[in-house]
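S.K.: Could you look at this predicted model? Sequence included:
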Amino acid sequence: MYIKSGNHSTSVTGKLIGFTPKAVFVVNGQNVLVYVEKGGSFGGVGTQITLNGGEAVMCGNCVGIKKNGRISLYDENGRPAGSRNA
């Protein structure tokens with residue numbers, strides 16, 4: 001798939017989970033990759049979020065890993081942002 005920002009586009013491999021005004025979340029294998037706009041194009045934030053047998057879901061402006069009745073949340077920079085009940 002391609003992520004487009006202005007006149008720039010970036011090719012990424014995986015399945016789109018969702019997006020926010022600042023980030024795009026993509027599942028590739030057993031990892032969630034986070035892409036953010038950098039200087040007019042999109043690039044990875046350098047953090048891979050492991051699914052560990054869970055399912056990736058969008059929760060507002062965060063991506064969540066749903067597993068065993070809990071959702072572990074990660075922000076638009078791939079950092080942990082708490083958890084909640086599924």
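M.R.: Everything's here; your move.
S.K.: When you work out contacts or count neighbours from here on, use the C-alpha atoms and nothing else.
M.R.: Will do.
S.K.: Who are the packing partners of whatever helix or strand S72 lives in?
M.R.: S72 belongs to strand 70-74 when assigned by DSSP states H and E. On a contact count with 3 or more Cα pairs under 8 Å, 6 or more residues apart in numbering; DSSP states H and E, strand 70-74 meets strand 62-67, strand 80-85.
S.K.: In CSV: these, plus mean pLDDT, distance to G44 and mean neighbour count.
M.R.: Below are the helices and strands packed on strand 70-74 laid out as CSV (pLDDT from 0 to 100; distance: least, Cα to Cα, whole Å; neighbours: other Cα atoms under 10 Å):
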stretch, mean pLDDT, distance to G44, mean neighbour count
strand 62-67, 96, 15, 24
strand 80-85, 96, 16, 12
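S.K.: how about those strands in a markdown table, adding distance to E37?
M.R.: Output for the helices and strands packed on strand 70-74, formatted as a markdown table (distance: least, Cα to Cα, whole Å):
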| stretch | distance to E37 |
| --- | --- |
| strand 62-67 | 16 |
| strand 80-85 | 20 |
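S.K.: Quick check: which of those strands is nearest to N7?
M.R.: strand 62-67 (26.4 Å; Cα to Cα).
S.K.: which residues does H8 form a beta bridge with?
M.R.: According to DSSP bridges, the partner residues bridging H8 are S5.
S.K.: quick check: longest strand of this structure.
M.R.: Longest strand in the chain, counting residues (DSSP state E): strand 41-50.
S.K.: Quick check: the most centrally placed residue in the chain vs T47, distance?
M.R.: Nearest residue to the geometric centre of the chain (Cα atoms, centre = their mean): F25, 2.5 Å. Distance, F25 to T47, using Cα to Cα, to the nearest Å: 11 Å.
S.K.: list the contacts for the nearest residue to S83 once chain neighbours are set aside?
M.R.: Leaving aside its sequence neighbours, S83 sits nearest to S72 (Cα to Cα, 6 or more residues apart in numbering; 4.4 Å). By Cα atoms under 8 Å, 6 or more residues apart in numbering, the residues touching S72 are 64-66, 80-84.
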